[in-house]
Structure formats: structure tokens, C-alpha cells
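K.L.:
I would like the atomic coordinates for the input below:
(chains A and B)
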Amino acid sequence: MPLKTEPITINVGPQHPSTHGVFRMRVTFDGEEVIDVEPIFGYLHRGSEKLAESRTYTQIVTLTDRMDYVASMTNNMSFILSVEKLAGIVPPPRGVWLRMIAAELQRIASHLVATGFFLQDLGALGTPLILMMRERETILELFERLCGARITNSYMRPGGVFMDAPDDFWPALNRFLSDMPHRIDEYEDLISGNEIVAARCDGVAVVDSQTLIDASVTGPMLRASGIDWDLRHRQPYEYYNRVKFNRPLATTSDNYARYIVRIHEMRESLGIIKQCLEQIEPGPVRPETVPALIRPPAGDSYVGTECPKGELGFYLVSDGGVAPYRCKVRAPSLINLTLLREMLIGDKLADLFVTFGSIDINMGEVDR
Amino acid sequence: MPANTAFDTSGEDLATQIEVIASSSVIANGDTDVWVSSDRLLDVMAGLKDAGYEMLIGVTGVDYVGYFEVVYHLLSLSQNRRAIVKVKCGEGRIDPAVPSILRVWRGAELQEREVYDLMGIRFEGHDDMKRIFLWEGFEGHPHRKDFL
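P.N.:
Numbers count the residues shown, from 1 in each chain, chains lettered A, B, ... in the order given. Purely as a prediction, here's the structure:
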């Protein structure tokens, strides 16, 4: 007599250790196989865009910290570039170099978190995550020297940064730069060639590049499908046109590809920081002419930058006042989830969190 | 170098291009943006996608009190350019709506839901037009200027 089976619907999250925050999915299984996924958002919605409408441009920098809270520096940068475009503010060179150094450090920290938790979801409990948190800690200490805050930095301002780096920042940064390549080698020894990682990740959750482009997916996820699209290279902002770096690509577009692209991007970021250090010169970090209350002319501006998770853009509408009339965030974490359902259907329960981890989202940015 | 302005398609060029795709659909153009009429939006967007703007970067709703506007940011990976297309959702504040471009770009799915949830602009033809961040039964749309 054949066994009678029926699909079962399970609620995953919002309080679940593997959903990277308060993400919730309603998943339907046929045995172990996923047959339907419905993502449910909004548990961390704080109305940041609405709050921005009653704050000055400088105050909004603190709101951007709390969007993608493992990549505050790159959020700051994306926002202030949009303000600078709107208000026509030109930052001095030293301010720009400091912003680039901070942003690239932040990219490494964000990729460390992404990779560490991805491996944790894979079942590599403890070791990789602890190792990567150790290196992230070094970066957070660098940030503390730089601006006094570890996570919610608010380091950047329209026109530059709020203070120059203290003297003890530079030797600490150099120590980090000489240590970090060996640490990345260590991860690669441990993980990249690991047979279990390969068996669990190769060929899982493959999406072709055309579908990714159609679904507005950007960042490492797009580059893992072989599309050479990095805004730092194609539409350079800041001084990214004065540094040389490679864009690591993968072609298989599976979970392993998304992992390995992030590992290689960390090496490239180290290279960018070294080139910044060669070119940075003493000087002011912010022009004194920038008023405390910035009143950009009426109009709108959009600037997209390459953040660790993809293209983060701020669309600002000004009516000439001290606060933006509208501040819209193009959040890569939310938009990269568009294909979640397709990526998960047909896979096993155990692969659900691995795939989810490989997308690398941050709930603070998804819900805002 | 200030922020990247060099990659925005000029409003005039974009308007000419859109006129070729769908004649008399352009209402006005600015420095880098073009306003099109909402009943021709689908033709314009499908045409722009074929013309090389492969990616829909963002969908934004803006409340200008007298009317609502939807702003589409497009990106061409092959030509390395950006384009901005704007649509006015009629006059007044009652039940603003524009056609959904979900059939053109899959990426519109979550973004249109977000605009609907927070700004209350309906996207006609979207398969799953429901709130995304707030719960069903929430009254009002927080990003509207008369909400708070």
C-alpha cells in the first residue's frame, strides 16, 4: 500500500537564528523538498525614509547607519554623494581618500560577516565564524580610532568627513593590511577547497545571468554569474578612477560562486586601501564653506554606489529647504530577494538557509 | 571628482528616443529626466528595455500634494548609461494608479509593492498588489504628506 503524503507548511522566523535578523518565510514542503516560499517582510520597518523628511541632511547620516548596520560607512558614502550632487558640494582630496579607506574597510567587514554566517548556516558551526568575527573586530577597532564609533559610525559628512584620522590610526591600519592577506589565505585553506563545502554548494540555487538582470539583482550576486558589473569600475565615483583593482567574477552562479566572489573581493579591497595610502596627502578633510544647515536648490538627484550587497542608491528630492522633501532608498538587500522563491523551490530543507545566506541580506536595509 | 553625473542620459536625447519608440508619449523633459503619459508607459518601458536599458534600478513614489508621481530609474549595462522616466498619476489625491511594469521587468515586483504600501499608488496589472512592510488592515499610507 503506498504511503499517503501531503505538503506541510512551516513558518520560518521572524525569530530564527538563521534568518539573519527578523526575516520570515512561509515555506511549504513536500517531504524534505521545498515546493513554495512566501517571504514576509516588515518586522524591522522603522520608517527611515519618512523620518528623513523631518531631519536635516547632516542628521540623516545617522539614519543611514541604521539601515545596513553591518556596512554603515558605505551607507554614509552613498547618501552624502547624493547630497553633494544635489547641493553641488565638492569635497577636498583628503576627505575623499579617507572616505574611500573607510568604505573599503567596511566592505571587508561586511563580506566577513556574510561569509561567516553563510558557513555557519552551512553547518560549519563555530570555527569559520569566530575567525571572521576576529578580523571584523580588528576593523571595528580601526573605526573606533577613526571616529569613536564601532558600528553606527556617522563618520562622513556632505563635503568630506567630520574629523581627520588620529595619528595612531595609520600604524594600526598598516598592521591590519599586512596581517589580513594571511588571514584570507587561512580561510581559503580551511574552506575554499573543503570537500563538504563543495558538495553542499556546487550547483545549488543556480540562477542564470539574464534572470538576475531582469530581476534588478546587483552586487556580488550578479558578478557570481559572470557579469562584469561593478559601479566602482564602470561608473567611478569618489577617486575610484585613480586606483586599479580587479573585479573578481565567477561563472557558475551557484552558492559556491557567491561565496568565492566575496572572498576575492576582500583581497581587492585591501589593494585599493594600499593605493589610497600611497596617494593621500595632508590637507583639509572638509571645506569650511559648507554651512551647518545645507539648503540644496530645488530639484532631485540619484546616486548609486557599489555597496557590499549591491547598488545602494539614494533618490533625494529637495524643495529648497533644510530637510529633503523625499528621501528614497534603493535597497539592494530587498531587491536581491526578488528571486528568493525561484532559487529555493526544488531544493532541500537543509539548503534553504545556505541559499538564503549566500544572497547576503541585512534586515535593517530590507525593511528600513 | 564630484558624484557621477556623466552617466545620466540627457533629457533631450531620452525624449527623442522615447518618441521613436512610442510617438506623442512624451509630455515634457528636464535635464536628465523625461515625463511620459501613463497610458503609454508599458510601450515606452518595453521599448527602452529593447533599446538597451536592461535593468530597472528603482521605482519611487513621490507625493507632490497636488498629484502623485512615480519615478523609474533605468540602467543600461551594455551602454553604461542611466535614464530617468517619470509618470504623473493624474490630478488629485483620490486613488492614484499607474500601469504595472512587472510584465517588462521582474525586478518591479517588490518595489511596486513597496510604493503601494507606503505611498498608496496602485499598480494596475500587478499580480500580488498587497502591502509589503505594514500589515493588512493598516490605515493610511505613511509616506504621504497628509499622513503625519
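
K.L.:
how close does residue A:330 get to chain B?
P.N.:
4 Å (Cβ to the nearest Cβ, to the nearest Å). Heads up, the C-betas are built off the backbone N, CA and C, glycines and all.

K.L.:
just give the nearest non-adjacent residue to that residue, would you?
P.N.:
Residue nearest to residue A:330 in three dimensions, not counting chain neighbours: residue A:313, with 3.8 Å by Cβ to Cβ, 6 or more residues apart in numbering or on different chains.

K.L.:
and if you look at residue B:31?
P.N.:
Using Cβ to Cβ, 6+ apart, the closest residue to residue B:31 is residue B:11 (5.4 Å).

K.L.:
hang on, the earlier thing: the residue nearest to residue A:330: neighbour count?
P.N.:
Around residue A:313 there are 27 other residues, counting by other Cβ atoms under 10 Å in any protein chain shown.

K.L.:
repeat that for residue A:252.
P.N.:
16.

K.L.:
cool, and residue A:25?
P.N.:
21.

K.L.:
for residue B:51, same thing?
P.N.:
16.

K.L.:
so who does it touch?
P.N.:
By Cβ atoms under 8 Å, 6 or more residues apart in numbering or on different chains, the contact set of residue B:51 is B:17, B:21.

K.L.:
from residue B:9, how far off is it?
P.N.:
Noted for residue B:51: a distance of 11 Å to residue B:9, by Cβ to Cβ, to the nearest Å.

K.L.:
what of residue A:359?
P.N.:
Taking Cβ to Cβ, one finds residue A:359 at 30 Å from residue B:9.

K.L.:
these two - which one has more neighbours?
P.N.:
Taking other Cβ under 10 Å, residue A:359 and residue B:9 do not tie; residue A:359 has more neighbours (24 against 20).

K.L.:
thought the more buried one was touching residue A:220?
P.N.:
No: using Cβ atoms under 8 Å as the test, residue A:359 is too far from residue A:220 to be in contact (9.5 Å).

K.L.:
okay, the closest residue to chain A within chain B: pLDDT?
P.N.:
Chain A sits closest to residue B:107 of chain B, with a gap of 2.8 Å, by Cβ to the nearest Cβ. Looking at residue B:107, its pLDDT stands at 89.

K.L.:
quick one: contacts for it?
P.N.:
Contacts of residue B:107 (Cβ under 8 Å, 6+ apart): A:214, A:215, A:216, A:217, A:335, A:338, B:55, B:56.

K.L.:
let's verify the spatially closest residue to it that is not a sequence neighbour: helix, strand, or coil?
P.N.:
Computed as Cβ to Cβ, 6+ apart, the closest residue to residue B:107 that is not its neighbour in sequence is residue A:216, at 2.8 Å. Under DSSP: H, G, I helix; E, B strand; the rest coil, residue A:216 falls in the coil class.

K.L.:
thought residue A:216 was touching residue B:56?
P.N.:
Yes: using Cβ under 8 Å, residue A:216 makes contact with residue B:56 at a distance of 5.3 Å.

K.L.:
burial check on residue B:104, number of neighbours?
P.N.:
Neighbours of residue B:104 using other Cβ under 10 Å come to 21.

K.L.:
pretty sure it sits in a strand.
P.N.:
No: under three-state DSSP, residue B:104 sits outside any strand and is assigned coil.

K.L.:
which residues touch it?
P.N.:
Residue B:104 touches B:42, B:45, B:46, B:49, B:56, counting by Cβ under 8 Å, 6+ apart.

K.L.:
assumed the last one was part of a helix.
P.N.:
No: secondary structure of residue B:56, determined by three-state DSSP: strand, with no helix assignment.

K.L.:
how much space between it and residue B:39?
P.N.:
20 Å.

K.L.:
same thing with the fourth one?
P.N.:
Separation of residue B:49 from residue B:39 (Cβ to Cβ): 18 Å.

K.L.:
pLDDT score for residue B:39?
P.N.:
pLDDT, residue B:39: 87.

K.L.:
for it, list the residues it contacts.
P.N.:
residue B:99.

K.L.:
relative to residue B:93, how far out is it?
P.N.:
20 Å.

K.L.:
can you pull the poorly scored residue ranges out of chain B?
P.N.:
Per-residue confidence for chain B (pLDDT under 70) gives these ranges: B:1-5.

K.L.:
shared neighbours, residue A:359 and residue A:220?
P.N.:
With Cβ under 8 Å, 6+ apart, residue A:359 and residue A:220 have common neighbours residue A:258.

K.L.:
next SSE after the helix or strand where the residue nearest to residue A:330 lies?
P.N.:
Element membership for residue A:313, per DSSP states H and E: strand A:310-318. For strand A:310-318, the succeeding helix or strand toward the C-terminus, using DSSP H and E, is strand A:326-330.

K.L.:
what about the residue nearest to residue B:107, neighbour count?
P.N.:
Residue A:216, neighbours per other Cβ under 10 Å, totals 30.

K.L.:
spatially, which residue comes closest to residue 43, not counting chain neighbours?
P.N.:
Picking chain A for this. residue A:22 (3.7 Å).

K.L.:
try chain B instead
P.N.:
residue B:22 (4.2 Å).

K.L.:
number of residues surrounding the one you found?
P.N.:
Count around residue B:22 with other Cβ under 10 Å applied: 19.

K.L.:
with residue A:200 instead?
P.N.:
17.

K.L.:
against chain B, how distant is it?
P.N.:
28 Å.

K.L.:
which SS class is that residue?
P.N.:
Note that with three-state DSSP, the state of residue A:200 is helix.

K.L.:
OK, contacts around it?
P.N.:
A:122, A:123, A:255, A:351, A:354.

K.L.:
right, and out of those, which lies closest to residue A:143?
P.N.:
Checking these against residue A:143 by Cβ to Cβ gives residue A:122 as the nearest, at 28.4 Å.

K.L.:
still on that earlier bit, hang on, the residue nearest to residue A:43 in a helix?
P.N.:
No: counting by three-state DSSP, residue A:22 falls outside a helix, being coil.

K.L.:
run a quick check on it versus residue A:363, I expect a contact.
P.N.:
Yes: counting by Cβ under 8 Å, residue A:363 is a contact partner of residue A:22 at 5.5 Å.

K.L.:
find residues that contact each of those two.
P.N.:
In contact with both residue A:22 and residue A:363: A:43, A:44, using Cβ under 8 Å, 6+ apart.
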